[in-house]
Structures are given as structure tokens and as C-alpha cells.
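Undergrad: Provide a 3D model corresponding to the input given below.
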Amino acid sequence: MVKNFSQALSYLRQSVPSGNKRFPGNLGLDRQKAILQLLDNPQDKIKTIHIAGTSGKGSTAFYLSSLLIGQGFTVGLTLSPHLLDIRERFQINNQLISKKEFVFYLNQIIPAIEAVKKTNFGKPTFFEIIIALAFYIFYQKQVDYAVIETGLGGLMDGTNTINSSDKVVVLTKIGLDHTAILGPNLASIAAQKAGIIHSHNPCFSINQSLVVKKVFDQVASSQQTSINYISQPKNISHLTPKNFNLSYNFNFQDLHLKSVTLNTIGLYQIDNSALALSVLKFLSLRDQFTLNIKNIYQSLISCQFYGRVDLRRFNQKYFILDGAHNPQKMAALIKSLKLFFPGQKFTFLLAFKQRKDFTKMIKMILPLADQIILTKFKVTSQDMVQLSQSQLSLNRLFTNLNFSNFKNITDQLEALKFALKSNHPIVVTGSLYLLGEIYPLLNKIKK
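TA: Numbers count the residues shown, from 1 in each chain. Just a heads-up that it's a prediction; the model follows:
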């Protein structure tokens, strides 16, 4: 039994796999099922919306949670990874549960965790414990809906244990990421992501490339269901950037919304919010509740999501924090910067996780970069130990690309202070793990 929040975190850290540990795959999924079975399968006793994809799944989950809250429901939300606090993975109505509750519920499931340790399945991982805890908390709290973001992949993900046929599946944009685990091309990655589709599940996806659509449709057909694709201009039209906001018209079935406004400069949030809106409309029909249209508008304009093109004014300058960590996400960030800051140069504060395609991302950044500051991170409080790419390898790349205005500052606080001397807007990007360490530092240097 753990006695306080600090002890709870220590207990969980003991289950963080070391950096060279392999993705658990089938073993991990079977172990996850074993834990949940000992808890009487709480994941099958609540209404769930299960979200997988390469880019946008966290944002889509956040938008959908906010929309459902706006309609008067109690909503559980689990996001992966967490940014600032582990309790982001067990949110109720977009609020963190208390530390006391976190300790209480963890103690409730520790007997199941310890029991599984003694079986042939072996020691559960950090992520497996977290997911079991999320399902358990959401059931105990009797949420009306639980919005579940997958971790890595889909088919072998620890969240892929929901067996109810009324689970709603949401598939966000697919791109190349985690190729060493999910496969080398879009088709293999799409197959892994679509693995969360079970028999007769209602499915929604943003518009995808032809190769991804083909895989999605094949998987859906094999599970006796089909996919609703949300696309431009059929469902999304009249995109308008204005005053650091975005608005668009949305149409799906008989839901027609004009000038839906988002509190963001992130163009990619158009697709993510539209996907969430389509699921909301479906749920209103299936579960027979009347949509409060005014609250839809209010829910969307009120959403501000940490680490997703998060625009702030800091020390009289613009500060943009975005967790872009693959070429697809970086391209989306760059597109938004060009739209809202035309002709502008930026100071970039960067660190990338190891084994990411940093070469492609750097090539996207350089045309907008006045200067680049490289820092580093080491995160030991997440699903796995996360290390940043070596600065030496990045230095070599800059030299090869004939870019000389870069600086290595290992200490994040010093790197941040140096960036703030710039006369240009500052962009912090490259990894959500970097952002998780930068956000708390901003409070330390506020004037």
C-alpha cells in the first residue's frame, strides 16, 4: 500500500521499462487483459470513445471531451503522454483528480498488479498500470463517456482491451512514426492503428491518403462495420484565420454550424475539432440527447490545449509551444506559423527524442529560423525512459546544411533565458517531453 502521492509516483516509476526494453507487443496486451480481468473488466462497463492515429489523437480527444462536457455529461479523459502531471491521464471533466483520490484508487488496484507479477505474464509496465487505473477510475466515477487515447500504435496497445460493440472508434491522421515498431510504411502503420476496430464498432476518421483508406476500409469490413470519413470541402469549408483564431463551417448529417471558432493558430486543429464534432453528432443520435448548439460554440472557443500550437505573450513577445515530434506534425506547425506570421523569422528552441526523423524536421524549420538554440532532456517519469537526440549529431547536420546561427545550451533554464533575448517570436518544439520540462520553467523567469 502507498501512503501518499510521492510514494505512489515511486511505486509507478519502478515499472518504467529501461531505455533498451522492447515494446511488449502480444505479451503486454495479454498482461493488460489479465490485470483488467482481476478488476472485473471496468473498461467494458462504460461508454468509450477510442482514439488512435499518428497525429492529432490527443487534440481530438481533448476537443471531444470538452464538447461532451458542454452537453452536460460527466467525461473521463486519458491522454498519453502526460505533459505536466501524471493525473492528466485520469481527468474527470478535463480536471485533474486530487492527489488523495489518485493514491486511493491506485491502492485499490495494487493487489491485481501484484497478483499478475507472480504469473507467467511477469511485471506490468508503467503504461499497463496507468491504463488499468484509468479504466478503473472512470468506472468508479461512473462517467457517462470515457475518451481514451491510445499510447503507441493500436492493435497491440494496452488500451485495446475494450470489447463492447458500442465502443466508438476514431482514427486521426496517419503518417510515418515509430516505424521500428509499427512497420516501415503507411500501410503497415495504418493496419496497426486500425487494430482498435472491433466487431460492429461505429468508426470515424479524418480524410486519409488512398493507401491508408484502403487498409482502414479492409479492416472495417472484416469487422462488419464501415468508416465515416470527414473531409474538406464536404464537411469542412470556409476556413478563415482571424485575430489568432480560426473559424470554419461544419456540416455533418443534419448538423450545420457556421463560423465555428477555435482559440488556436494551429491549422491542424480544424481537422481534429471537426472529427470530434462528427462523433458528438453521432452520439446524440445513438444515445438520444438533444444538442445544445450554443454550448458547442462555447466549448470549442474555450479550448486551449497545452503544447499544441500554444500561443502566449511572454515578456512582450510571442511565444509558441508545440510538441511536433515527427515530419507530419512539424509540417503542420510550419504551415500555421507561415499563415499567422507571414514573412516572419523565428528563434527556435529545440530538442528531439532519440530515433526521430530530425533531419526532415530541421529542413522544414531552417527557412523560418533566424537562430536555433539546442537543448536536451531526460525524462524518467513516463511510459519509458525518454532521451533527447545528441546535440553533436544535430550540429553536424547544421554544418552540412550551411546553417551557422545555432547555439548549444544544455541547461534548459539558461536556454530559455537566452531565447528570450531574441527580437523574434520564439518557438519551442521538437518533443512533448521537452515542453513538459519547459512549461514549469516559464514561471521561474516571469518578471
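Undergrad: phi, psi of the nearest residue to residue 115 once chain neighbours are set aside?
TA: Closest residue to residue 115 apart from its sequence neighbours, by CB to CB, 6 or more residues apart in numbering: residue 38 at 6.0 Å. From N, CA and C alone the C-beta is placed, and that goes for glycine too. Phi and psi for residue 38, reported as degrees, to the nearest 10, are phi -70, psi -20.
Undergrad: so how far is residue 413 from residue 38?
TA: Residue 38 sits at a distance of 44 Å from residue 413 (criterion: CB to CB, to the nearest Å).
Undergrad: So residue 241, which state does it fall into?
TA: strand (DSSP: H, G, I helix; E, B strand; the rest coil).
Undergrad: List the contacts of it.
TA: Residues near residue 241 by CB atoms under 8 Å, 6 or more residues apart in numbering: 265, 339-340.
Undergrad: Those in helices, which ones?
TA: 339-340 (DSSP state H).
Undergrad: Pull out the buried residues from the contacts of residue 241.
TA: By neighbour count, with 16 or more other CB atoms under 10 Å, the contacts of residue 241 hold 265, 340 as buried.
Undergrad: Using JSON lines, lay out the contacts of residue 241 together with pLDDT.
TA: Formatted as JSON lines, the contacts of residue 241 follow (pLDDT from 0 to 100):
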{"residue": "265", "pLDDT": "95"}
{"residue": "339", "pLDDT": "94"}
{"residue": "340", "pLDDT": "95"}
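Undergrad: Columns distance to residue 361 on top of the contacts of residue 241, output as JSON lines?
TA: Below are these laid out as JSON lines (distance: CB to CB, whole Å):
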{"residue": "265", "distance to residue 361": "19"}
{"residue": "339", "distance to residue 361": "19"}
{"residue": "340", "distance to residue 361": "20"}
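Undergrad: quick check, nearest of the contacts of residue 241 to residue 385?
TA: Nearest to residue 385 out of the contacts of residue 241 is residue 265 (CB to CB; 32.9 Å).
Undergrad: Pop out the phi and psi values for the closest one.
TA: Dihedral angles of residue 265 (phi, psi; degrees, to the nearest 10) stand at phi -100, psi 10.
Undergrad: Which residues are in contact with it?
TA: Residues in contact with residue 265, defined by CB under 8 Å, 6+ apart, are 241, 244-246, 309, 311, 320, 336, 339-340.
Undergrad: go on, residue 57?
TA: 51, 149-150, 170, 172.
Undergrad: Next: residue 48.
TA: By CB under 8 Å, 6+ apart, the contact list for residue 48 reads 145-148, 162, 164, 167-168.
Undergrad: which one of those residues is nearest residue 102?
TA: Using CB to CB, residue 146 comes nearest to residue 102 of those, at 17.0 Å.
Undergrad: Helix, strand or coil: sort out that closest one for me.
TA: Applying three-state DSSP: residue 146 is strand.
Undergrad: wait, isn't it in contact with residue 45?
TA: No - using CB atoms under 8 Å as the test, residue 146 is too far from residue 45 to be in contact (10.1 Å).
Undergrad: did I read that right, residue 427 in a strand?
TA: Yes - counting by three-state DSSP, residue 427 falls inside a strand.
Undergrad: That one pairs with what?
TA: With DSSP bridges as the criterion, residue 427 is bridged to residue 320, residue 348.
Undergrad: neighbours of it, just the number please.
TA: 27 (other CB atoms under 10 Å).
Undergrad: Residue 365 versus that one, what's the distance?
TA: 8 Å.
Undergrad: where do the contact lists of these two overlap?
TA: Going by CB under 8 Å, 6+ apart, residues that sit against residue 427 and also against residue 365 are residue 348.
Undergrad: Residue 193 contacts residue 55, correct?
TA: No - using CB under 8 Å, residue 193 is not in contact with residue 55, being 11.1 Å away.
Undergrad: and those two? which has more neighbours close in?
TA: Shown here are residue 193 and residue 55; by other CB under 10 Å, residue 193 has more neighbours (29 against 23).
Undergrad: ok, that one - contacts?
TA: For residue 193, the contact set (CB under 8 Å, 6+ apart) comprises 52-54, 150, 153-155, 171, 174, 182.
Undergrad: again, but for residue 2
TA: By CB under 8 Å, 6+ apart, the contact set of residue 2 is 8, 10-11, 103, 106-107, 110.
Undergrad: Let me know the secondary structure of the nearest residue to it once chain neighbours are set aside.
TA: Spatial nearest neighbour of residue 2, chain neighbours left out: residue 8 (4.6 Å); criterion: CB to CB, 6+ apart. On the three-state scheme (three-state DSSP), residue 8 is labelled helix.
Undergrad: Could you do residue 260 as well?
TA: Assigned by three-state DSSP, the conformation of residue 260 is strand.
Undergrad: Please work out how many residues are found near it.
TA: For residue 260, the neighbour count with other CB under 10 Å is 20.
Undergrad: thinking again about what came up before, now tabulate the contacts of residue 48 in CSV and tack on neighbour count, distance to residue 250 and pLDDT.
TA: Shown next, in CSV, are those (neighbours: other CB atoms under 10 Å; distance: CB to CB, whole Å; pLDDT from 0 to 100):
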residue, neighbour count, distance to residue 250, pLDDT
145, 24, 20, 98
146, 27, 24, 98
147, 31, 19, 98
148, 31, 24, 98
162, 23, 28, 96
164, 15, 28, 89
167, 24, 24, 97
168, 20, 18, 98
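Undergrad: Those: which two are farthest apart?
TA: Farthest pair in these, by CB to CB: 147 and 164, 14.7 Å.
Undergrad: Give the single residue among the contacts of residue 57 positioned nearest to residue 200.
TA: Using CB to CB, the contacts of residue 57 come closest to residue 200 at residue 170, 15.7 Å.
Undergrad: List the strands paired with whatever helix or strand that closest one lives in, with their directions.
TA: In this structure, residue 170 sits in strand 168-171 according to DSSP states H and E. Looking at strand 168-171 with DSSP bridges, its partner strands are strand 48-52 (parallel), strand 203-206 (parallel).
Undergrad: beta partners of the residue nearest to residue 258 when sequence neighbours are not counted?
TA: Among residues not flanking residue 258 along the chain, residue 249 sits closest, at 5.2 Å (CB to CB, 6+ apart). In this entry, residue 249 is beta-bridged to residue 237, by DSSP bridges.
Undergrad: mind listing what residue 249 touches?
TA: 236-238, 256-260.
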